[in-house]
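Novice: got a structure for you, letters missing:
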């Protein structure tokens, strides 16, 4: 399981569906961010930072993108890029 980052904890506490509504994005985008397969567009990262601040959470842009660097590196290793063997 990926490490819990400050960004991950904030998103899970705020709620994926709620955050998706507030950012006007599909919830699947949020799940991609949590898995580290993509990261938020800078305009969304700034909105996330503002939403966090409104809740009393100090979340920097560096912490948002650090999540992607940490979690993304766990998900995408050279072994995870190998094709699966064909099934009979």
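Specialist: Now that the structure is in, tell me what you want to look at. The structure displayed is predicted, hence computed values, not measured ones. Residues are numbered from 1 along each chain as shown.

Novice: so where does the nearest residue to residue 6 once chain neighbours are set aside fall, helix or strand?
Specialist: Nearest residue to residue 6 in three dimensions, chain neighbours excluded: residue 63, at 4.8 Å (Cβ to Cβ, 6 or more residues apart in numbering). Bear in mind the C-beta positions are built from the backbone N, C-alpha and C, glycine included. Per DSSP states H and E: residue 63 is located in helix 61-75.

Novice: contacts for that helix, please.
Specialist: 2-3, 5-8, 33-40, 42, 45-46, 48-49 (Cβ atoms under 8 Å, 6 or more residues apart in numbering).

Novice: in helices, which of these fall?
Specialist: In this view, the contacts of helix 61-75 that belong to helices under DSSP state H are 6-8, 33-35, 42, 45-46, 48-49.

Novice: got a list of contacts for stretch 23-39?
Specialist: Stretch 23-39 has contacts (Cβ under 8 Å, 6+ apart) with 2, 7-8, 11-12, 16-17, 19-20, 40, 44-45, 47-48, 64-65, 67-68, 70-76.

Novice: what subset of those residues is buried?
Specialist: Listed as buried from the contacts of stretch 23-39 are 7-8, 11, 16, 19-20, 40, 44-45, 47-48, 64-65, 67-68, 71-72; burial here means 16 or more other Cβ atoms under 10 Å.

Novice: okay, now the unreliable bits of the protein?
Specialist: Under the criterion pLDDT under 70, the flagged ranges of the chain are 1-3, 73-88.

Novice: buried residues in stretch 26-35?
Specialist: Burial within stretch 26-35, assessed by neighbour count using 16+ other Cβ under 10 Å, is assigned to 29-30, 32-34.

Novice: which one of those residues is nearest residue 55?
Specialist: Distance to residue 55 across the buried residues of stretch 26-35 (Cβ to Cβ) is lowest for residue 30, with 16.3 Å.

Novice: helix or strand for the nearest residue to residue 27 once chain neighbours are set aside, which one?
Specialist: Leaving aside its chain neighbours, residue 27 sits nearest to residue 20 (4.2 Å; criterion: Cβ to Cβ, 6+ apart). Using DSSP H and E, residue 20 falls within helix 16-23.

Novice: same deal with residue 12?
Specialist: Here residue 12 is assigned to helix 6-14, by DSSP H and E.
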